[in-house]
Each structure stands twice: as C-alpha cells, then as structure tokens.
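Enquirer: Quick one, what's the 3D model for this:
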Amino acid sequence: MSAIKIQDVEKTYKGKVHALRGISIEMHDGEIFGLLGPNGAGKSTLVKILMSVIHASRASGTVLNKPIGSRESLELVGYLPEHHRFPYYLSGEQVLDHYAALSKVIRRDRRSRASSLLSRLGLQGWEKKKVSTYSKGMLQRLGIAQALICNPKLLILDEPTDGVDPVGRREIRDLLSELKDEGKAIFLNSHLLSELEMVCDKVAIMVKGQVTMQGTIESLTADSKRYEITIAGATPIWANEYCDSIDEEVMLIKGNDPNLIQSLLDRLRHEQYVIESVKPVQDNLEDLFMRAVDHTDTPGAIR
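Expert: Now for the predicted structure:
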C-alpha cells in the first residue's frame, strides 16, 4: 500500500516564482524514503504541502490512501518541522502532554506514552526540566518524540538530525530502523547524504523544483559499477583494448562481473607487470547527488 502517492505537484508563489514543477513521488508502507536536494530545491515546500501547511497550485494524489490534506489521514501522520519551537516555560513532559492532547490521545495514556518516548529518545532524567534548558540536540530529540506521540502510521521528518551530535545521530538512525520494523512509513527530508544513505530504502533527488532521480540507491547507481585497476609503472598502450577508459593511469572496466577483467589481468601477469590494486567501485549517494546537480546546471537542462 502506498503511504504517499502524489502526481504533478506544482507550487507557484507570487511573482511567478516556481517552487515546484510537477513533482511525482511514491513511497510504500514500511519504507524509509529520503528526499534530498540543494538549498532552494523545494524540499520543504513539498513537505509543507503534504502537511497542508501551505496549498499547492496544482496537485493530485494521496497520503495514507486519502486525498492530500484529508483530516482523516493527517491524524495518522507524525510531523517534525525543520525549525520547530516549543514554549520555553514548559517541561519536556508537558510539551508531549500538550501535543498528545492535540492528537486526541486519551488522558490516561498521555503520561505513560510521554515517559516511554522521552526514555526512548535518550531524555530520561529531563522529563520535568524546562525546554529552555535543553541543548539544540535535545530539542531535536524532543521534536521527534512529539512526532511519535500520536503513534502515527506515517512519519514526516524535516531535518531530524539537525544539531544532533554523531552519537545522537546514530541513536536516531537505530530508532528509525526500529520504527520501520514496526511497520511505520518514514519520509525524511535531509541534507546529510551519509545519514540518508545508511537508512533509506529509496530516495528522490530534487533540483530546482523537479525530481531528477528516484528509486533505490542500488538501482540508481547500477550503471556506475566498475573495476579500477592500477599497476606499478606506466600503463601499457595495449591496455586500451581491454578498458573502457584509462584515467590518470587507472584502468577502468565497466560492470561488476569479475570475468570482465580476467583477460586484462592475465596479460598483465604474463608480461610481468606488478598489479598494485583491483577495486570494485560503485557510486554513492553523494556521487548521485552531484551528478543530478551538475546535469541541471548544464546548458539546455530542464529548469
């Protein structure tokens, strides 16, 4: 079942500023889906449209199988905005009680649910302390707890690890994996590519209001698989017969089948070249991201 399925989402602000240009995205239950792109790509605008914070100029599709903006589906969504703010005079416990009440959690369940989430997010011992005493990382953890207080089917998290130290980011990654195992769908908007790469089942890359790539990281990088071979000394001229290219004396052969490189290795050994390394290589999420950005910056690219 699709947790989010949207087609042709467009948003134009006053002054004919085109923030979104026909966005189509689909994610399923039990998936962690990452949305990434450079600043100004339209990521937060899309998230706000999904949450009905702002309205699209044009949109069709569903969230939890209900039309975008349906109250019925929004009650089952946990949301962490990018720049959330909590009343500084409330304690962490009181913040969660307040949001639980807004989410129609019955009174007798609020305290136990808040206590459990604060502990799960590493905030035990801080339940009764005012949020004005919390660090930025602690406020981010509290924000995630707030998003979970309604026991949502879908989590939409906008920069969930912003301001969190490396240990905290690892704990949040582990939490997201646990929530996925519990069947929750998680939609992440983040600029931390390494974080997304470690947890996401699928990603979409947005550039200038358009989705330029979408799918699993494995499928998106499949055509980048290659072997890189280096030897001691100069590369022989005849190596061009076996290689797709030679870059700074590194011999490149595309594909991930080890049989592709055996003829080259056999000849190198036969002619007594010293083989220094044979490395299977595949692009990572950062490589994908840079490829998407570079493509839209080339002349004639769709903007």
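Enquirer: Can I get the strand or helix carrying R113 in CSV, CA atoms only?
Expert: Assessed by DSSP states H and E, R113 sits inside helix 107-120. Extracted in CSV, the C-alpha atoms of helix 107-120 (Å, rounded to 0.1, in the frame of the first residue of the first chain):
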residue,chain,number,x,y,z
ARG,A,107,-5.7,11.5,29.1
ARG,A,108,-4.8,8.2,30.9
ASP,A,109,-2.4,7.2,28.1
ARG,A,110,-0.6,10.6,27.7
ARG,A,111,1.8,10.4,30.7
SER,A,112,2.9,6.8,30.1
ARG,A,113,3.4,7.4,26.4
ALA,A,114,5.4,10.6,27.0
SER,A,115,7.6,8.9,29.6
SER,A,116,8.3,6.0,27.2
LEU,A,117,9.2,8.2,24.3
LEU,A,118,11.4,10.5,26.4
SER,A,119,13.3,7.4,27.6
ARG,A,120,13.5,6.0,24.1
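Enquirer: what's the model's confidence in it, averaged?
Expert: Mean pLDDT, helix 107-120: 92.
Enquirer: Could you list the buried residues of it?
Expert: Using 16 or more other C-beta atoms under 10 Å as the test for burial, helix 107-120 gives R110, R113, A114, L117, L118, R120. Glycine gets a C-beta too; all of them are placed from N, C-alpha and C.
Enquirer: Tell me if I'm right that the fifth one and L96 touch.
Expert: Yep, that's L118 we're talking about. Yes - the pair L118 / L96 is scored as a contact, 7.0 Å apart, by C-beta atoms under 8 Å.
Enquirer: Which neighbours do the two have in common?
Expert: The contact sets of L118 and L96 overlap at L142, A145 (C-beta atoms under 8 Å, 6 or more residues apart in numbering).
Enquirer: Quick one: residues contacting L64.
Expert: A3, S73, L76, V77, K153, L154.
Enquirer: Over to G137?
Expert: G137 makes contacts with G163, V164, D165, G168, as judged by C-beta under 8 Å, 6+ apart.
Enquirer: just checking, which of the contacts of L64 belong to helices?
Expert: Applying DSSP state H to the contacts of L64, the entries found in helices are S73.
Enquirer: Can you list the low-confidence ranges for this structure?
Expert: Residue ranges of the chain with pLDDT under 70: 295-303.
Enquirer: And the helices in it?
Expert: All helices of the chain, identified by DSSP H, fall at 43-50, 71-74, 92-102, 107-120, 136-148, 166-181, 193-199, 217-221, 262-270, 285-296.
Enquirer: how about JSON lines for these, with distance to R85 added?
Expert: Shown next, in JSON lines, are those (distance: least, C-beta to C-beta, whole Å):
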{"stretch": "helix 43-50", "distance to R85": "16"}
{"stretch": "helix 71-74", "distance to R85": "20"}
{"stretch": "helix 92-102", "distance to R85": "11"}
{"stretch": "helix 107-120", "distance to R85": "19"}
{"stretch": "helix 136-148", "distance to R85": "9"}
{"stretch": "helix 166-181", "distance to R85": "20"}
{"stretch": "helix 193-199", "distance to R85": "23"}
{"stretch": "helix 217-221", "distance to R85": "34"}
{"stretch": "helix 262-270", "distance to R85": "60"}
{"stretch": "helix 285-296", "distance to R85": "30"}
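Enquirer: picking that back up, now the contacts of L64 in JSON lines, with distance to M27 and neighbour count?
Expert: As requested, the contacts of L64 are exported to JSON lines (distance: C-beta to C-beta, whole Å; neighbours: other C-beta atoms under 10 Å):
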{"residue": "A3", "distance to M27": "5", "neighbour count": "26"}
{"residue": "S73", "distance to M27": "14", "neighbour count": "21"}
{"residue": "L76", "distance to M27": "15", "neighbour count": "17"}
{"residue": "V77", "distance to M27": "13", "neighbour count": "23"}
{"residue": "K153", "distance to M27": "12", "neighbour count": "18"}
{"residue": "L154", "distance to M27": "9", "neighbour count": "21"}
